[in-house]
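J.: Here is the input, now give the coordinates:
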Amino acid sequence: MIDLSLLHSNTVEEIDISGNYQIDNSYYKNTEIKELSNINVIGKIIRKENESNELNDYIECTIDGEMIIPDSISLENVSYPFTIEYSDFIGENNLKNENLLDILSFLWENIVLEIPLQFTKEQDLSKFHGDGWRLISEDELKLENNPFSELLKDIEKE
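T.: Next up, the predicted model:
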């Protein structure tokens, strides 16, 4: 939790939230993420006027870290580094009360948006094959001996 009371009483002009944070696995146990590590935040919270000319808490930060997710092709765990640039007013759902910011919930809400739908580090697709099938690359798909090449040419014309 980040105490915002000094900011609200105008005792300080900003609150530094820079540091390393550990996201508990209860946040991501029902997601594709297997592990979250090295969550580093560089940023601050200030008071800023919103569109209604009211002073509200405004956060500016950079969040970076690394998530371990399954490879979309091989299903092996792979490292996926991410960086998030964030600057906006703090939503009410991140505040426990007027003076406390739940920083872990805030971080999680932004990290979850970075989970890729598909991600692979596989370069050699030749090892993925079975009885009568094999995985081919986009380049192989365009080769002349492709039985679907005529169909692909018709589709590309449209």
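J.: measure the residue sitting nearest the centre point of the chain to residue 39 for me?
T.: Geometric centre of the chain, nearest residue: residue 114, 1.8 Å, by CA atoms, centre = their mean. To residue 39, residue 114 is 12 Å away according to CB to CB, to the nearest Å. (Glycine included, C-beta is placed from N, CA and C.)
J.: Check residue 46 too.
T.: For residue 46, the distance to residue 39 equals 22 Å [CB to CB].
J.: who's more crowded, those two?
T.: Here residue 46 and residue 39 are compared on neighbour count by other CB atoms under 10 Å; more neighbours surround residue 39, at 20 against 15.
J.: element containing that one?
T.: Assigning secondary structure by DSSP states H and E places residue 39 in strand 35-49.
J.: Can you list the strands that that strand pairs with?
T.: strand 14-16 (antiparallel), strand 19-21 (antiparallel), strand 55-70 (antiparallel) (DSSP bridges).
J.: Tell me the buried residues in that strand?
T.: Of the residues in strand 35-49, those with enough neighbours to count as buried (16 or more other CB atoms under 10 Å) are 36, 39, 41, 43, 45, 47.
J.: cool, stretch 55-72 as well?
T.: Applying a neighbour-count criterion of 16+ other CB under 10 Å, one finds 57-61, 63, 65, 67, 69 buried in stretch 55-72.
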